[in-house]
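K.L.:
Just need the structure, nothing else, for what follows:
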Amino acid sequence: MNIRLTTETGSFEATLNDSAAARDLATLLPLTLETEDFHRTERIAYPPRTLDTTGAPNASSPKAGDLAYYTPWGNLALFYRDGQHSPSLVILGHLTDRTDAQRLVTADRITLENLP
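P.N.:
Below is the predicted model of the structure:
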């Protein structure tokens, strides 16, 4: 599934994978969220409810441009730098052009919406 992310710095596209968590996130779109920086690696935001992580791997190693869900905190994570191998991190998809990840560094608000 293709989605659009819009921040103060413009719009760019991402692709969600076919995981239960990604499909569940898609049911919430369109969605506008406030973000905050976490460890100078990712922007995090909290969706209105927890996502279904049925069948998700126990851990993931995120790369810049990945969209993920951290199950213990229930937050979305948008990586603008490569992250560390993390237990309970579910990769939801990635930016179509991973170089757009740098545009997330200062994003205080992000809107996610389905593309037609």
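
K.L.:
can you pull the contacts of the spatially most central residue of the chain?
P.N.:
The centre of the chain sits closest to residue 67, judged by C-alpha atoms, centre = their mean, with a distance of 2.8 Å. Residues in contact with residue 67 (C-beta atoms under 8 Å, 6 or more residues apart in numbering) are 14, 16, 76-79, 91-95. Quick note: C-beta positions are derived from backbone N, CA and C, even for glycine.

K.L.:
please redo it, this time with the cut-off set to 10 Å
P.N.:
3, 5, 14-17, 22, 25, 42, 76-79, 90-95, 104, 112 (C-beta atoms under 10 Å, 6 or more residues apart in numbering).

K.L.:
now residue 98
P.N.:
Shown in contact with residue 98 (C-beta under 10 Å, 6+ apart): 14, 63-66, 79-80.

K.L.:
same question, residue 41
P.N.:
Residue 41 neighbours (C-beta under 10 Å, 6+ apart): 62, 64, 77, 79-84.
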